[in-house]
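Colleague: Need a 3D model of the sequence below.
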Amino acid sequence: MIPGLGIWELVLIFLIVMVFFGAKRIPVIGRGLGAGIRNFKGELSEADSQADDRSLEEPTETGEDTDAS
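Modeller: Alright, predicted model coming up:
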């Protein structure tokens with residue numbers, strides 16, 4: 001569970017959410033929150049794969065001069 005929050009604190013938070021939004025809106029809010037989290041995770045994994053692709057494309061520096069003047 002969440003550190004620092006006991007069962008009674010979670011029950012209280014749930015009751016406050018029920019009062020503010022009502023029982024009919026909670027599933028809609030949950031679906032929206034879940035979709036947002038899935039999109040966020042998808043974008044993070046896409047950014048990681050693009051960063052990996054870019055790192056493979058960049059040539060590595062060896063520290064040696066290629067100009068023999």
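Colleague: Tell me how many other residues crowd residue 26.
Modeller: Residues near residue 26, counting by other Cβ atoms under 10 Å, number 14. (Each C-beta comes from the backbone N, C-alpha and C, glycine too.)
Colleague: Just confirm it contacts residue 20, I think it does.
Modeller: No - in this structure, residue 26 is not within contact of residue 20 by Cβ atoms under 8 Å, at 10.0 Å.
Colleague: Show me what the longest helix along the chain is packed up against.
Modeller: Using DSSP state H to define each element, the chain has its longest helix at helix 26-57. The elements that helix 26-57 packs onto, with contact taken as 3 or more Cβ pairs under 8 Å, 6 or more residues apart in numbering; DSSP states H and E, are helix 7-21.
Colleague: Give me the angle between the helix it packs on and helix 26-57.
Modeller: Comparing the axes of helix 7-21 and helix 26-57 via axes from the mean of the first three to the mean of the last three Cα atoms, to 10 degrees yields an angle of 110 degrees.
Colleague: does residue 4 count as helix, strand or coil?
Modeller: When the structure is reduced to helix, strand and coil (DSSP: H, G, I helix; E, B strand; the rest coil), residue 4 reads as coil.
Colleague: Got phi/psi on it?
Modeller: Dihedral angles phi and psi of residue 4 (degrees, to the nearest 10) take the values phi 90, psi -10.
Colleague: what about it, how many neighbours?
Modeller: The burial count assigned to residue 4 is 6, neighbours taken as other Cβ under 10 Å.
Colleague: as a whole number, average confidence for stretch 55-69?
Modeller: Averaging the model's pLDDT scores along stretch 55-69 yields 60.
Colleague: before we move on, what about stretch 26-46?
Modeller: Per-residue confidence for stretch 26-46 averages out to 91 on the pLDDT scale.
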